[in-house]
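1. my questions are about this predicted structure, shown below with the sequence.
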Amino acid sequence: MTPCAEILLPAINIQSMEAGMPHYHRVQGLSFLIEYDNVQNGANHVHSVW
C-alpha cells in the first residue's frame, strides 16, 4: 500500500437536525474504533471511546 492510498472506513452518524437532540457517531477500522455517544439525560452527557 502506498502512502497516498485511499482507505475506506465504515462510519455511522445518527443524529437529529435539531440542536440539543441525542446523537451518535462511530468510525471503525480493522484495528481501532472511535465512538462519540451523547444520548443520555437530554443529550447533555457524553461518552467517547477510541
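-> Nice, I can see it.
2. okay, CA-based contacts and neighbour counts for the rest of this
-> Will do.
3. show me what stretch 11-30 is in contact with.
-> By CA atoms under 8 Å, 6 or more residues apart in numbering, the list of residues contacting stretch 11-30 from outside reads 9-10, 33-40, 42-44.
4. okay, buried residues for it please.
-> Neighbour counts over stretch 11-30 (16 or more other CA atoms under 10 Å) mark 22-24, 26 as buried.
5. circling back: so which of the contacts of stretch 11-30 wins on neighbours?
-> When neighbours are counted by other CA atoms under 10 Å, Asn38 leads the contacts of stretch 11-30 with 19 neighbours.
6. Three-state assignment for that one, please.
-> Following DSSP: H, G, I helix; E, B strand; the rest coil, Asn38 is assigned to strand.
7. could you pull out the strands in the protein for me?
-> Chain-ordered strands for the chain, with DSSP state E as the definition, fall at 11-15, 23-28, 33-40, 45-49.
8. redo those as TSV? Include mean pLDDT.
-> Output for the strands of the chain, formatted as TSV (pLDDT from 0 to 100):
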stretch	mean pLDDT
strand 11-15	85
strand 23-28	88
strand 33-40	86
strand 45-49	81
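9. neighbours of the residue nearest to Ile34 when sequence neighbours are not counted, how many?
-> Sequence neighbours aside, Trp50 is the residue nearest to Ile34 in space, at 4.3 Å (criterion: CA to CA, 6 or more residues apart in numbering). Using other CA under 10 Å, Trp50 has 10 neighbouring residues.
10. you'd agree Trp50 is up against Phe32?
-> Yes. Between Trp50 and Phe32 a contact is recorded at 7.0 Å, counting by CA atoms under 8 Å.
11. can you pull up the bridge partners for Thr11?
-> Heads up, residue 11 is Ala, not Thr. Val27 (DSSP bridges).
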